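[1] What shape does this take:
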Amino acid sequence: MHIEFKSNKLKKLCETFDAAKRKWGEPCAKKLTQRLNEALASPTLLDFSKIQSAKCHALTADRKGQYAVCLDGPRRLIFEPILGNDANDDKGVLDYSKIDAVMIIEVVDYHE
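    Here you go, the predicted structure:
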């Protein structure tokens, strides 16, 4: 998948191991690197969502339209699919097999 970032600051944090380590600690930085590599290696969101250890899941309420994958402890990598014109199936349901790009929104513990 193609990955974009909400901001240049977030991109630097996510793509620079030492910066991520300073911000979130080494275990989270390692898992973040792993998740980004898994996303890059996945052709579509469907493939990425099948990685069981990532526990990819859709969010609800005020985060509807966003998705999360597990990092370290309660921290999650939050992203939104970048939707093309054909992203929905004939019933209007999001077709993960047609999503080939995502926007990273944040790394957060939204459980607090």
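
[2] And the residue at minimal distance from the centre of the chain, its phi and psi?
    In the chain, the residue lying closest to the centroid (Cα atoms, centre = their mean) is residue 79, at 4.1 Å. Recorded main-chain torsions at residue 79 are phi -140, psi 160, according to degrees, to the nearest 10.

[3] just residue 64 next, same as before
    Per degrees, to the nearest 10, the backbone of residue 64 is at phi -60, psi 140.

[4] tell me the pLDDT at it?
    As predicted, residue 64 sits at a pLDDT of 89.

[5] That one: what's it in contact with?
    With contact set as Cβ atoms under 8 Å, 6 or more residues apart in numbering, residue 64 has no partners. For every residue, glycine as well, the C-beta is placed using N, CA and C.

[6] how close does it get to residue 18?
    34 Å (Cβ to Cβ, to the nearest Å).

[7] gap between residue 55 and residue 35?
    10 Å.

[8] er, residue 41 actually
    Counting by Cβ to Cβ, the gap from residue 41 to residue 35 is 11 Å.

[9] Those two: which has the busier surroundings?
    residue 35 (24 against 11; other Cβ atoms under 10 Å).

[10] you'd agree the more buried one is up against residue 68?
    No - between residue 35 and residue 68 there is no contact, the gap being 10.4 Å when judged by Cβ atoms under 8 Å.

[11] Would you mind listing the residues touching both of these two?
    With contacts taken as Cβ under 8 Å, 6+ apart, the residues that reach both residue 35 and residue 68 are residue 77.

[12] And the contacts of the helix or strand of the chain with the lowest mean pLDDT?
    Taking mean pLDDT, DSSP states H and E as the measure, the helix or strand of the chain with the lowest value is strand 57-58, at a mean of 91. Residues external to strand 57-58 that are found in contact with it (Cβ under 8 Å, 6+ apart): 66-69.

[13] How about residues contacting stretch 8-17?
    Identification of contacts with stretch 8-17 by Cβ under 8 Å, 6+ apart yields 5, 19-20, 23, 29, 32-33, 36, 104, 106-107.

[14] neighbouring strands for the lengthiest strand in the chain, and are they parallel or not?
    Across the chain, the longest stretch assigned as strand under DSSP state E is strand 101-108. Paired with strand 101-108 in the same sheet, following DSSP bridges, are strand 2-5 (parallel), strand 76-81 (antiparallel).

[15] Appreciated, that's everything.
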